[in-house]
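**Q** have a look; sequence and predicted model below, questions after that.
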Amino acid sequence: MSLKEKFEVCKAYGITLGKIADAIGKREGTVSGVLNGKYDSSKSELYAAAIEAFLDKVIAANTPKKEAQNGGEWLSLAQQKIKERIYKMEQTKLSFFELILGESGMGKTYLLQKLTGDLGGIYVKARKSLSASAFMSLLLRAVGEKPKGNTDDKFEQFCEAISNLKTRLIVIDEADLFVRDNDLTFERKFELLREIYEFSKRENLGIAVIAVGIGVLKKRIDRLGGYLQSRLTYSPEMTLSRDELIKIGELAGIDEEVCEFLAEGQNARLYEKTALNLALGYEQKVAANLVYHVRKR
């Protein structure tokens, strides 16, 4: 969903340009310009990220949660396995450089955002066309630090910050976006992650540094050779069975017949988008057809 599409959805929940402006501390004109792709500034990407984070929170707060009927949390089998693995990492007090793979719409982001929240970890979403220096700035902002100096300076600043915070988990979600980088930039970003992991080992911090993405990420990493591969460990692949997909839809309040129809798409996001359409007042089958036919094009 584009930034503008998310805003259109959030209008149904009473969100206006003014409310977004108040939330991110900018003027309505700035927000409007960013949403319409007409804000020409070096900070446009930063403002877009702040707006998207706010809109995502609004959508999440108004989307039915994946909770079991007994009031507990429902997770797919793959999510359960990865959750257990990450908790075991924390219990060992060892450092890890981990890769979590799974195609889009398998529940990676939902799980990792929840785990970083529960464990007091650091969660960032990768972005396209980031230099290595800008990547380190992204990590620093995630820990509340103002980036200073060149890439190496920022790396030292980040290592000092995580030492003081005593965080045990660092997650870089959608790291497959880095695949579009040239070889030098891609390698430099993962070399920085490896160096953070090595720093954690050396200082006995016991931090799990986890990159998350779709399968193409591993193929690109494999091209770099053994020095990086030899340090990486792997979680079970994130997948969803047909029964799990249907369960997700039912927990979102979608009729069984519609759930089975959407399961053909093999992607949990179809249920999320259908739930958003239901919130806009569409009848169930219409809500499902809108997202399914868009996906099929």
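**A** Received, thanks.
**Q** so what touches stretch 118-138?
**A** By CB atoms under 8 Å, 6 or more residues apart in numbering, the surrounding residues in contact with stretch 118-138 are 45, 49, 86, 90, 112-113, 115-117, 139, 142-143, 147, 150-151, 154-155, 158, 162, 167-178, 180-181, 185, 188-189, 192, 213. Just so you know, the C-beta spots here come from the backbone N, C-alpha and C atoms, and that holds for glycine as well.
**Q** so which of those residues belong to helices?
**A** Counting by DSSP state H, those place 45, 49, 86, 90, 112-113, 115-117, 139, 142, 151, 154-155, 158, 162, 185, 188-189, 192 in helices.
**Q** ChimeraX command to pick out the buried ones of these?
**A** Buried residues within these, by 16 or more other CB atoms under 10 Å, are selected in ChimeraX with:
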select :45,49,86,90,112,113,115,116,139,142,151,154,155,158,162,188,189,192
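**Q** show me the contacts for residue 246.
**A** Taking CB under 8 Å, 6+ apart as the test, what residue 246 contacts is 256, 259, 260, 263.
**Q** what's the answer for residue 190, then?
**A** 178, 211, 221, 224, 228.
**Q** give the buried subset of those as a PyMOL selection command.
**A** A single PyMOL command is used to select the members of the contacts of residue 190 judged buried by 16+ other CB under 10 Å:
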select buried, resi 178+211+221+228
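**Q** tell me which of the contacts of residue 190 fall in helices.
**A** 221, 228.
**Q** now the contacts of residue 190 as a markdown table including pLDDT and distance to residue 56?
**A** As requested, the contacts of residue 190 are arranged in a markdown table below (pLDDT from 0 to 100; distance: CB to CB, whole Å):
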| residue | pLDDT | distance to residue 56 |
| --- | --- | --- |
| 178 | 91 | 21 |
| 211 | 95 | 21 |
| 221 | 85 | 28 |
| 224 | 78 | 32 |
| 228 | 74 | 31 |
